[in-house]
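Student: only geometry, no sequence info:
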Ligand code: C2E
Ligand code: MG
Ligand code: MG
Ligand code: MG
(Lines give C-alpha, C1' and ligand atoms only; values in the text may rest on other atoms or scores of the structure.)
(Ligands and ions follow the chains in the order given, each with its own letter.)
Protein backbone atom coordinates (compact mmCIF):
# COMPACT_ATOMS: atom_id res chain seq x y z
CA UNK A 1 0.00 0.00 0.00
CA UNK A 2 2.67 2.47 1.03
CA UNK A 3 4.67 1.62 -2.09
CA UNK A 4 1.76 2.53 -4.35
CA UNK A 5 1.09 5.66 -2.36
CA UNK A 6 4.73 6.62 -2.79
CA UNK A 7 4.52 6.11 -6.52
CA UNK A 8 1.54 8.42 -6.78
CA UNK A 9 3.19 11.04 -4.60
CA UNK A 10 6.40 11.10 -6.58
CA UNK A 11 4.73 11.43 -9.95
CA UNK A 12 5.96 11.10 -13.48
CA UNK A 13 9.28 12.92 -13.19
CA UNK A 14 10.75 10.09 -11.13
CA UNK A 15 9.75 7.22 -13.40
CA UNK A 16 13.14 5.53 -13.25
CA UNK A 17 13.30 5.36 -9.46
CA UNK A 18 9.87 4.02 -8.85
CA UNK A 19 9.90 1.61 -11.75
CA UNK A 20 12.78 -0.45 -10.40
CA UNK A 21 11.40 -0.14 -6.88
CA UNK A 22 8.01 -1.31 -8.09
CA UNK A 23 9.40 -4.46 -9.66
CA UNK A 24 11.12 -5.51 -6.50
CA UNK A 25 8.10 -4.60 -4.47
CA UNK A 26 5.51 -6.25 -6.65
CA UNK A 27 7.47 -9.49 -6.87
CA UNK A 28 7.66 -9.52 -3.08
CA UNK A 29 3.92 -8.90 -2.89
CA UNK A 30 3.37 -11.73 -5.35
CA UNK A 31 5.58 -14.05 -3.29
CA UNK A 32 3.59 -13.13 -0.21
CA UNK A 33 0.28 -13.78 -1.92
CA UNK A 34 1.47 -17.10 -3.32
CA UNK A 35 2.84 -18.08 0.07
CA UNK A 36 -0.35 -17.11 1.85
CA UNK A 37 -2.37 -19.44 -0.37
CA UNK A 38 -0.44 -22.40 1.07
CA UNK A 39 0.08 -21.11 4.59
CA UNK A 40 -3.04 -22.52 6.25
CA UNK A 41 -2.58 -25.97 4.71
CA UNK A 42 1.09 -26.03 5.65
CA UNK A 43 0.40 -24.99 9.23
CA UNK A 44 2.63 -21.94 8.96
CA UNK A 45 0.56 -19.65 11.18
CA UNK A 46 0.73 -19.37 14.93
CA UNK A 47 -0.56 -16.98 17.54
CA UNK A 48 1.51 -15.11 20.07
CA UNK A 49 -0.09 -13.43 23.06
CA UNK A 50 0.87 -10.08 24.55
CA UNK A 51 -0.01 -9.35 28.19
CA UNK A 52 -2.29 -6.44 29.06
CA UNK A 53 -1.45 -5.24 32.54
CA UNK A 54 -3.87 -3.60 34.96
CA UNK A 55 -1.90 -0.48 35.87
CA UNK A 56 -3.62 -0.18 39.21
CA UNK A 57 -3.19 -3.73 40.53
CA UNK A 58 -0.32 -4.96 38.33
CA UNK A 59 -2.41 -8.03 37.51
CA UNK A 60 -2.35 -9.60 34.06
CA UNK A 61 -5.58 -11.32 33.11
CA UNK A 62 -5.90 -10.41 29.48
CA UNK A 63 -3.78 -10.93 26.40
CA UNK A 64 -3.91 -9.72 22.82
CA UNK A 65 -3.61 -12.49 20.22
CA UNK A 66 -1.17 -11.54 17.44
CA UNK A 67 -0.73 -13.50 14.25
CA UNK A 68 2.68 -14.88 13.31
CA UNK A 69 3.61 -16.36 9.93
CA UNK A 70 6.76 -18.32 9.22
CA UNK A 71 7.25 -19.12 5.54
CA UNK A 72 9.82 -21.70 4.51
CA UNK A 73 11.65 -19.44 2.06
CA UNK A 74 10.90 -15.94 3.36
CA UNK A 75 11.24 -16.78 7.04
CA UNK A 76 9.14 -14.87 9.51
CA UNK A 77 6.95 -12.31 7.73
CA UNK A 78 5.50 -9.54 9.94
CA UNK A 79 1.71 -9.02 9.92
CA UNK A 80 2.14 -5.46 8.65
CA UNK A 81 3.70 -6.98 5.50
CA UNK A 82 1.02 -9.56 4.76
CA UNK A 83 -2.33 -8.59 6.26
CA UNK A 84 -3.17 -6.06 3.54
CA UNK A 85 -2.23 -8.67 0.91
CA UNK A 86 -4.46 -11.21 2.64
CA UNK A 87 -7.27 -8.65 2.73
CA UNK A 88 -7.01 -7.80 -0.97
CA UNK A 89 -6.81 -11.41 -2.12
CA UNK A 90 -9.76 -12.55 -0.02
CA UNK A 91 -7.52 -14.83 2.04
CA UNK A 92 -8.11 -12.89 5.25
CA UNK A 93 -11.53 -14.53 5.60
CA UNK A 94 -10.25 -18.12 6.05
CA UNK A 95 -7.17 -16.88 7.92
CA UNK A 96 -9.37 -14.80 10.20
CA UNK A 97 -11.57 -17.81 10.92
CA UNK A 98 -8.47 -19.86 11.72
CA UNK A 99 -7.38 -17.15 14.20
CA UNK A 100 -10.70 -17.12 16.04
CA UNK A 101 -10.83 -20.93 16.20
CA UNK A 102 -7.23 -21.07 17.44
CA UNK A 103 -8.03 -18.62 20.25
CA UNK A 104 -11.12 -20.67 21.17
CA UNK A 105 -9.00 -23.85 21.35
CA UNK A 106 -6.44 -22.04 23.48
CA UNK A 107 -9.05 -20.66 25.88
CA UNK A 108 -10.62 -24.12 26.18
CA UNK A 109 -7.23 -25.61 27.02
CA UNK A 110 -6.46 -22.91 29.55
CA UNK A 111 -9.91 -23.35 31.15
CA UNK A 112 -9.31 -27.08 31.46
CA UNK A 113 -6.07 -26.29 33.30
CA UNK A 114 -7.86 -24.08 35.81
CA UNK A 115 -7.56 -20.68 34.09
CA UNK A 116 -11.13 -19.94 33.16
CA UNK A 117 -10.92 -16.19 33.75
CA UNK A 118 -8.37 -15.42 31.08
CA UNK A 119 -9.50 -12.88 28.50
CA UNK A 120 -8.17 -12.64 24.94
CA UNK A 121 -8.42 -9.72 22.52
CA UNK A 122 -8.64 -10.70 18.85
CA UNK A 123 -7.93 -8.28 16.00
CA UNK A 124 -10.59 -8.25 13.27
CA UNK A 125 -9.55 -6.96 9.87
CA UNK A 126 -11.99 -4.68 8.06
CA UNK A 127 -12.91 -7.37 5.52
CA UNK A 128 -13.54 -9.86 8.29
CA UNK A 129 -15.66 -7.33 10.10
CA UNK A 130 -17.77 -6.85 6.97
CA UNK A 131 -18.28 -10.58 6.50
CA UNK A 132 -21.98 -11.31 6.72
CA UNK A 133 -21.65 -14.62 8.57
CA UNK A 134 -19.08 -13.42 11.10
CA UNK A 135 -21.32 -13.49 14.17
CA UNK A 136 -22.85 -16.87 13.23
CA UNK A 137 -19.41 -18.34 12.69
CA UNK A 138 -18.27 -17.07 16.10
CA UNK A 139 -21.40 -18.34 17.83
CA UNK A 140 -20.83 -21.79 16.44
CA UNK A 141 -17.15 -21.78 17.51
CA UNK A 142 -18.22 -20.72 21.02
CA UNK A 143 -20.57 -23.71 21.12
CA UNK A 144 -17.97 -26.16 19.84
CA UNK A 145 -15.31 -25.06 22.34
CA UNK A 146 -17.66 -24.08 25.19
CA UNK A 147 -16.31 -20.55 25.33
CA UNK A 148 -17.77 -17.98 27.73
CA UNK A 149 -18.27 -14.93 25.49
CA UNK A 150 -17.00 -12.44 28.08
CA UNK A 151 -13.59 -14.08 27.66
CA UNK A 152 -13.30 -12.52 24.22
CA UNK A 153 -12.87 -8.96 23.03
CA UNK A 154 -12.74 -8.03 19.35
CA UNK A 155 -10.51 -5.16 18.26
CA UNK A 156 -11.57 -3.16 15.24
CA UNK A 157 -10.03 -0.05 13.75
CA UNK A 158 -11.73 3.18 12.80
CA UNK A 159 -11.57 2.08 9.16
CA UNK A 160 -14.06 -0.69 9.86
CA UNK A 161 -16.68 1.90 10.84
CA UNK A 162 -16.78 3.67 7.49
CA UNK A 163 -20.20 2.32 6.55
CA UNK A 164 -22.02 3.25 9.75
CA UNK A 165 -25.22 1.30 9.10
CA UNK A 166 -23.52 -2.00 8.31
CA UNK A 167 -21.01 -1.45 11.09
CA UNK A 168 -23.77 -0.84 13.62
CA UNK A 169 -25.54 -4.02 12.56
CA UNK A 170 -22.33 -6.06 12.88
CA UNK A 171 -21.43 -4.58 16.26
CA UNK A 172 -24.95 -5.29 17.54
CA UNK A 173 -24.71 -8.91 16.38
CA UNK A 174 -21.31 -9.33 18.02
CA UNK A 175 -22.43 -7.66 21.24
CA UNK A 176 -25.49 -9.88 21.37
CA UNK A 177 -23.11 -12.85 21.57
CA UNK A 178 -21.77 -11.34 24.80
CA UNK A 179 -18.30 -10.34 23.61
CA UNK A 180 -16.81 -6.88 24.04
CA UNK A 181 -15.57 -4.53 21.34
CA UNK A 182 -12.58 -2.24 21.38
CA UNK A 183 -11.35 0.46 19.01
CA UNK A 184 -7.71 -0.28 18.17
CA UNK A 185 -5.16 2.41 17.30
CA UNK A 186 -7.54 5.05 18.61
CA UNK A 187 -6.59 8.51 17.39
CA UNK A 188 -4.43 7.29 14.52
CA UNK A 189 -7.04 7.76 11.80
CA UNK A 190 -9.40 10.64 11.36
CA UNK A 191 -11.37 9.79 14.46
CA UNK A 192 -14.85 11.05 14.64
CA UNK A 193 -16.04 11.50 18.20
CA UNK A 194 -19.51 10.77 16.92
CA UNK A 195 -18.88 7.07 16.71
CA UNK A 196 -18.10 6.97 20.42
CA UNK A 197 -21.63 8.21 20.87
CA UNK A 198 -23.19 6.02 18.21
CA UNK A 199 -21.57 2.62 18.56
CA UNK A 200 -21.88 0.46 21.69
CA UNK A 201 -18.14 -0.07 22.18
CA UNK A 202 -16.41 -1.05 25.40
CA UNK A 203 -12.73 -0.14 25.13
CA UNK A 204 -10.41 2.44 23.57
CA UNK A 205 -6.86 1.42 22.79
CA UNK A 206 -4.73 4.55 22.54
CA UNK A 207 -2.50 4.34 19.49
CA UNK A 208 1.12 3.68 20.34
CA UNK A 209 2.33 6.69 18.33
CA UNK A 210 1.02 8.95 21.13
CA UNK A 211 2.71 6.91 23.86
CA UNK A 212 6.07 6.99 22.11
CA UNK A 213 6.78 10.65 22.93
CA UNK A 214 4.50 11.16 25.90
CA UNK A 215 7.41 12.25 28.10
CA UNK A 216 9.01 14.65 25.64
CA UNK A 217 6.11 16.01 23.61
CA UNK A 218 3.54 18.16 25.39
CA UNK A 219 1.01 17.71 22.62
CA UNK A 220 1.15 13.93 22.80
CA UNK A 221 0.82 14.17 26.58
CA UNK A 222 -2.22 16.45 26.23
CA UNK A 223 -3.85 14.14 23.71
CA UNK A 224 -3.33 11.08 25.89
CA UNK A 225 -4.66 12.89 28.93
CA UNK A 226 -7.77 13.89 26.98
CA UNK A 227 -8.36 10.37 25.67
CA UNK A 228 -8.07 8.88 29.16
CA UNK A 229 -10.52 11.46 30.54
CA UNK A 230 -12.87 10.98 27.60
CA UNK A 231 -12.90 7.23 28.19
CA UNK A 232 -13.53 7.80 31.88
CA UNK A 233 -16.49 10.11 31.24
CA UNK A 234 -18.00 7.71 28.73
CA UNK A 235 -17.37 4.70 31.03
CA UNK A 236 -15.14 3.02 28.49
CA UNK A 237 -12.14 0.94 29.43
CA UNK A 238 -8.88 2.41 28.19
CA UNK A 239 -5.68 0.60 27.21
CA UNK A 240 -2.38 2.32 26.39
CA UNK A 241 -0.47 0.49 23.67
CA UNK A 242 3.27 0.48 23.12
CA UNK A 243 4.51 1.28 26.64
CA UNK A 244 8.26 0.72 26.43
CA UNK A 245 9.78 2.59 29.36
CA UNK A 246 9.40 3.02 33.12
CA UNK A 247 8.68 6.74 32.57
CA UNK A 248 5.85 6.05 30.13
CA UNK A 249 4.43 3.44 32.52
CA UNK A 250 4.57 5.86 35.48
CA UNK A 251 2.96 8.62 33.45
CA UNK A 252 0.00 6.48 32.38
CA UNK A 253 -0.44 4.98 35.83
CA UNK A 254 -0.53 8.48 37.34
CA UNK A 255 -3.18 9.44 34.78
CA UNK A 256 -5.32 6.53 36.00
CA UNK A 257 -5.22 4.80 32.64
CA UNK A 258 -6.64 1.34 33.39
CA UNK A 259 -4.46 -0.96 31.35
CA UNK A 260 -1.14 -0.95 29.58
CA UNK A 261 0.44 -3.11 26.94
CA UNK A 262 3.97 -2.93 25.58
CA UNK A 263 7.54 -4.16 25.62
CA UNK A 264 8.03 -2.61 29.09
CA UNK A 265 5.83 -5.41 30.45
CA UNK A 266 6.42 -8.06 27.82
CA UNK A 267 6.67 -8.59 24.10
CA UNK A 268 4.14 -10.97 22.53
CA UNK A 269 4.92 -14.56 23.66
CA UNK A 270 4.07 -18.08 22.50
CA UNK A 271 1.35 -19.81 24.59
CA UNK A 272 3.76 -21.98 26.61
CA UNK A 273 5.62 -18.92 27.86
CA UNK A 274 2.32 -17.22 28.72
CA UNK A 275 1.46 -20.32 30.76
CA UNK A 276 4.81 -20.32 32.57
CA UNK A 277 4.81 -16.63 33.40
CA UNK A 278 1.18 -15.66 33.84
CA UNK A 279 -1.08 -18.66 34.41
CA UNK A 280 -1.26 -21.16 37.21
P1 LIG B 1 -2.04 -3.89 16.69
O2 LIG B 1 -3.28 -4.70 16.77
O3 LIG B 1 -2.14 -2.47 17.06
O4 LIG B 1 -0.99 -4.66 17.59
C5 LIG B 1 0.05 -4.06 18.31
C6 LIG B 1 1.37 -4.19 17.60
O7 LIG B 1 2.35 -3.46 18.33
C8 LIG B 1 1.89 -5.61 17.53
O9 LIG B 1 2.67 -5.73 16.35
C10 LIG B 1 2.79 -5.68 18.76
O11 LIG B 1 3.78 -6.68 18.67
C12 LIG B 1 3.41 -4.31 18.70
N13 LIG B 1 3.88 -3.86 20.01
C14 LIG B 1 3.47 -4.25 21.22
N15 LIG B 1 4.12 -3.59 22.20
C16 LIG B 1 4.96 -2.75 21.58
C17 LIG B 1 5.92 -1.79 22.06
O18 LIG B 1 6.11 -1.58 23.25
N19 LIG B 1 6.62 -1.09 21.12
C20 LIG B 1 6.42 -1.29 19.78
N21 LIG B 1 7.15 -0.57 18.93
N22 LIG B 1 5.53 -2.19 19.30
C23 LIG B 1 4.81 -2.91 20.19
P24 LIG B 1 2.47 -6.93 15.32
O25 LIG B 1 2.22 -8.21 16.06
O26 LIG B 1 3.60 -6.87 14.38
O27 LIG B 1 1.13 -6.55 14.59
C28 LIG B 1 1.03 -5.41 13.82
C29 LIG B 1 -0.39 -5.18 13.39
O30 LIG B 1 -0.82 -6.23 12.51
C31 LIG B 1 -1.39 -5.19 14.54
O32 LIG B 1 -1.43 -3.95 15.19
C33 LIG B 1 -2.66 -5.51 13.79
O34 LIG B 1 -3.17 -4.37 13.15
C35 LIG B 1 -2.17 -6.48 12.75
N36 LIG B 1 -2.38 -7.85 13.27
C37 LIG B 1 -1.59 -8.61 14.03
N38 LIG B 1 -2.17 -9.81 14.30
C39 LIG B 1 -3.38 -9.77 13.70
C40 LIG B 1 -4.48 -10.70 13.62
O41 LIG B 1 -4.49 -11.78 14.22
N42 LIG B 1 -5.55 -10.32 12.85
C43 LIG B 1 -5.61 -9.10 12.24
N44 LIG B 1 -6.72 -8.80 11.52
N45 LIG B 1 -4.62 -8.21 12.33
C46 LIG B 1 -3.51 -8.54 13.05
MG1 MG C 1 -4.70 -4.80 18.15
MG1 MG D 1 -2.95 -1.06 17.94
MG1 MG E 1 -0.19 -25.72 25.35
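Tutor: Looks like it came in fine. Quick caveat, the model's predicted, so the values are computed rather than measured. Residues are numbered from 1 along each chain as shown. Ligands and ions are numbered 1, 2, ... in the order given.
Student: from here on, contacts and neighbour counts on C-alpha atoms
Tutor: Will do.
Student: could you check whether stretch 23-38 is close to ligand 1?
Tutor: No. Remark: stretch 23-38 sits outside contact range of ligand 1, by Cα under 6 Å from any ligand atom, the gap being at least 13.9 Å.
Student: quick one: stretch 64-76 near ligand 3?
Tutor: No. Judged by Cα under 5 Å from the ion, stretch 64-76 and ligand 3 are separated, with a smallest distance of 10.0 Å.
Student: Quick one: mean pLDDT for that stretch?
Tutor: Average pLDDT, stretch 64-76: 96.
Student: for stretch 239-258, same thing?
Tutor: In this model, stretch 239-258 carries a mean pLDDT of 98.
Student: do that stretch and ligand 3 meet?
Tutor: No. Remark: stretch 239-258 sits outside contact range of ligand 3, by Cα under 5 Å from the ion, the gap being at least 6.4 Å.
Student: Can you list the buried residues in that stretch?
Tutor: By 16 or more other Cα atoms under 10 Å, the buried positions in stretch 239-258 come out as 239-244, 248-249, 251-253, 256-258.
Student: how many neighbours does residue 163 have?
Tutor: By the criterion of other Cα atoms under 10 Å, residue 163 has 10 neighbours.
Student: how close does it get to residue 244?
Tutor: Distance of residue 163 to residue 244, computed by Cα to Cα, to the nearest Å: 35 Å.
Student: do the same with residue 123
Tutor: From residue 123 to residue 244 the distance is 21 Å (Cα to Cα).
Student: go on, residue 232?
Tutor: 24 Å.
Student: Report the central residue of the protein.
Tutor: Nearest to the mean C-alpha position of the chain, by Cα atoms, centre = their mean, lies residue 123 at 3.7 Å.
Student: mind checking pLDDT for the nearest residue in space to that one that is not next to it in sequence?
Tutor: Nearest in space to residue 123, with sequence neighbours left out and distances taken as Cα to Cα, 6 or more residues apart in numbering, is residue 155 at 4.6 Å. Note for residue 155: predicted pLDDT of 98.
Student: Just grab the bridge partners of residue 155 for me.
Tutor: Note on residue 155: beta-bridge partners residue 123, residue 182, judged by DSSP bridges.
Student: can you pull the contacts of it?
Tutor: Residue 155 sits next to 121, 122, 123, 124, 181, 182, 183, 184 when contact means Cα atoms under 8 Å, 6 or more residues apart in numbering.
Student: how about residue 111, phi and psi?
Tutor: Here the main-chain torsion angles of residue 111 (degrees, to the nearest 10) amount to phi -60, psi -50.
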